[in-house]
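Chemist: My questions concern the predicted model and sequence given below.
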Amino acid sequence: MRVLIVYCHPSKDSFTKSMCDAFLKGITDSGNEYILSDLYEMGFDPVMKEEEYLRDANYRDTPAVADDVRKEQEKINSADAIALIYPVFWTEAPAMLVGWFDRVWSYGFAYGNKTMKLLDKAIILCSAGNPLDRLEQFGLLDSMKKVMFGDRLFGRVKESEFIVFDCTSRENELREKNWDANLQKAYEKGRTLFA
């Protein structure tokens, strides 16, 4: 089985990068494979151009999507699952990942006369500076799930899971204390993704 990993973090020196690496190791240790789209490493352009906007806003499948978008769409259709790995920025994914959805979820692929395959699973692994109970208390976790599950992934995956690794900001003492356990959890999620 194959999973497309869409990884989005601006720093190579982050908990999120270590979490991604642990998840990837779990996937390979389980005998499965992955394709990695590291959006920052790729220099993915998250900015929708006017031509793309007019194409989608008018529900047209012409002109053809840009090459970088087509490549991402091909990766999706060659996978059985998708994993989104990112830090929480202001109760949302980073702008680059939001722009990835804006451009890759184009008309004729993700909606309209869809050519996007129905994926077996989606898993979201995100790191957050806030504690989980605070995200829940103020309804922020529900908001994040609603955007991902109720809009971006709705009708595009059979099963989905949302995992928050909380208290991971550099100044939080729990970051180091929970480091190994969190990476083990990410590894296990990769190892059992297709179980």
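Modeler: Here it is on my side, so go on. Bear in mind that the values here come from a model prediction, so they are computed numbers and not experimental data. Numbering: from 1, shown residues only.
Chemist: Spell out which helix or strand contains the residue positioned nearest the centre of the chain, please.
Modeler: Centrality entry for the chain: nearest residue to the mean C-alpha point is residue 84, 1.8 Å, by CA atoms, centre = their mean. According to DSSP states H and E, residue 84 maps onto strand 81-87.
Chemist: thinking again about what came up before, was I right about the residue nearest to the centre of the chain contacting residue 121?
Modeler: No. Look at residue 84 against residue 121 with CB atoms under 8 Å: they stay out of range, at 11.7 Å. (Each C-beta comes from the backbone N, C-alpha and C, glycine too.)
Chemist: what about the helices in this structure?
Modeler: 15-29, 39-42, 50-57, 67-77, 95-104, 132-137, 140-147, 173-177, 179-191 (DSSP state H).
Chemist: Switch those helices over to JSON lines; also include distance to residue 157.
Modeler: Shown next, in JSON lines, are the helices of the chain (distance: least, CB to CB, whole Å):
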{"stretch": "helix 15-29", "distance to residue 157": "17"}
{"stretch": "helix 39-42", "distance to residue 157": "20"}
{"stretch": "helix 50-57", "distance to residue 157": "21"}
{"stretch": "helix 67-77", "distance to residue 157": "11"}
{"stretch": "helix 95-104", "distance to residue 157": "14"}
{"stretch": "helix 132-137", "distance to residue 157": "23"}
{"stretch": "helix 140-147", "distance to residue 157": "13"}
{"stretch": "helix 173-177", "distance to residue 157": "30"}
{"stretch": "helix 179-191", "distance to residue 157": "16"}
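Chemist: Could you tell me the least trusted of these?
Modeler: Per-stretch mean pLDDT for the helices of the chain is lowest at helix 173-177 (a mean of 73).
Chemist: Return the set of buried residues in that helix.
Modeler: Within helix 173-177, the residues that qualify as buried are residue 175, counting by 16 or more other CB atoms under 10 Å.
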